[in-house]
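> Give me coordinates for this.
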Amino acid sequence: MRRVIGGASRGFTLIEMLIVISIIAILSAVAYASYSSQIAKTRRGKAEVCLLEYAQFLERNYTLALRYDQDSNGNNIALPALECSNDLAGFFTFATPTLNLTAYTVSAAPTAKQTTADKTCGCSMTLTQQGVKGVGGSCSKAVKDCWK
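The predicted structure is shown next:
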């Protein structure tokens, strides 16, 4: 019920306020879903860059030791803790499922949080010594869905 003062109507009714609040809630839900999707996509892009950094590390080692699995002193190679992998801790796990004398594969496996948020890919990404990009395991997504 509007209050009339001096012939002019002032204020809002309860129904008008509820309609405005409902519209704001719907817009907020849509915006949050879009925001979450973009954050997951950004994390996936950062994981791609991190895989490339690991590949560069292994290639630099190869130029010195002429093998991927050991350094020039004969010590086994382990992936270093890069800043990108620290930033993505809790969202991606980085590993070398294949690492031998002449070949390597580095992988970035998403955690449950990333898989849930990333509707486009949500699969492990892999990179080989030949620069071949792939998706891991039983993923039904295409490489172009996961890699830029």
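> Pull the number of nearby residues for Phe91.
If you count neighbours by other C-beta atoms under 10 Å, Phe91 ends up with 21. Glycine gets a C-beta too; all of them are placed from N, C-alpha and C.
> ok, now how distant is it from Ile21?
34 Å (C-beta to C-beta, to the nearest Å).
> cool, Ala95 as well?
With C-beta to C-beta as the criterion, Ala95 and Ile21 are 48 Å apart.
> More neighbours: those two, which one.
Between Ala95 and Ile21, Ala95 has the larger neighbour count (other C-beta under 10 Å), namely 14 against 10.
> Which residue is the nearest non-sequential neighbour of Ser107?
Excluding its sequence neighbours, the residue lying closest to Ser107 (C-beta to C-beta, 6 or more residues apart in numbering) is Thr126, at 4.7 Å.
> So in this structure, which helix runs the longest?
Ranked by residue count, the top helix of the chain under DSSP state H comes out as helix 14-65.
> Perfect, that will be all.
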